[in-house]
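Visitor: got a sequence here, can you build the structure:
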Amino acid sequence: MKKAKIYIPNKSAMQSGLAKSVKWILEYETKDPSKNPLMGWESSSDTLSELKLEFSTKESAINYAKKKSIDYELIEPKKRKIVKKSYADNFLK
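Guide: You can find the predicted model right below:
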């Protein structure tokens, strides 16, 4: 069977909050990407590469992959280092 990766997507540069970064994504890996000579786009004959499944928890994504006998790679999110800042800190140095 195909190999997939399970991860939480990064927030886009246009987001300031973390509201939509709690979904887990199961995405199949593309085997043979090729460049379209006419348009210059990257394309593939593999239709599973277009499929992204969303899950509310990591466990449900793993259970789905095990139930469907999909080889998967789990990519854990990195811990964010939160630095508390104050407006007054601009003037103290």
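Visitor: and the strands in the protein?
Guide: If DSSP state E is used as the criterion, the strands of the chain fall at 3-7, 24-28, 34-35, 42-43, 52-55, 71-74.
Visitor: give me the sheet partners of the last one and which way each runs.
Guide: Take DSSP bridges as the rule and strand 71-74 pairs in its sheet with strand 3-7 (parallel).
Visitor: next, the buried residues of the partner strand.
Guide: By neighbour count with 16 or more other Cβ atoms under 10 Å, strand 3-7 contains the buried residues 4, 6, 7. Just so you know, the C-beta spots here come from the backbone N, C-alpha and C atoms, and that holds for glycine as well.
Visitor: the inter-axis angle of that strand versus strand 24-28?
Guide: 160 degrees (axes from the mean of the first three to the mean of the last three Cα atoms, to 10 degrees).
Visitor: what mean pLDDT does strand 3-7 get?
Guide: For strand 3-7, the mean per-residue pLDDT is 93.
Visitor: extract the C-alpha trace of it and format it as CSV.
Guide: C-alpha atoms of strand 3-7 as CSV (Å, rounded to 0.1, in the frame of the first residue of the first chain):
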residue,chain,number,x,y,z
LYS,A,3,2.9,5.5,2.3
ALA,A,4,1.3,8.5,4.0
LYS,A,5,2.3,11.2,6.5
ILE,A,6,0.3,12.4,9.4
TYR,A,7,0.9,15.9,10.6
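Visitor: where are the low-confidence patches of this structure?
Guide: The chain contains residues with pLDDT under 70 at 1, 15, 18-20, 93.
Visitor: ok, now with 80
Guide: 1-2, 11-21, 30-37, 40-49, 80, 93 (pLDDT under 80).
Visitor: list of residues touching the biggest helix by length in the chain?
Guide: What stands out as the longest helix in the chain, according to DSSP state H, is helix 58-67. Applying Cβ atoms under 8 Å, 6 or more residues apart in numbering, the external contacts of helix 58-67 come out as 4, 6, 24, 25, 26, 53, 55, 70, 71, 72, 74.
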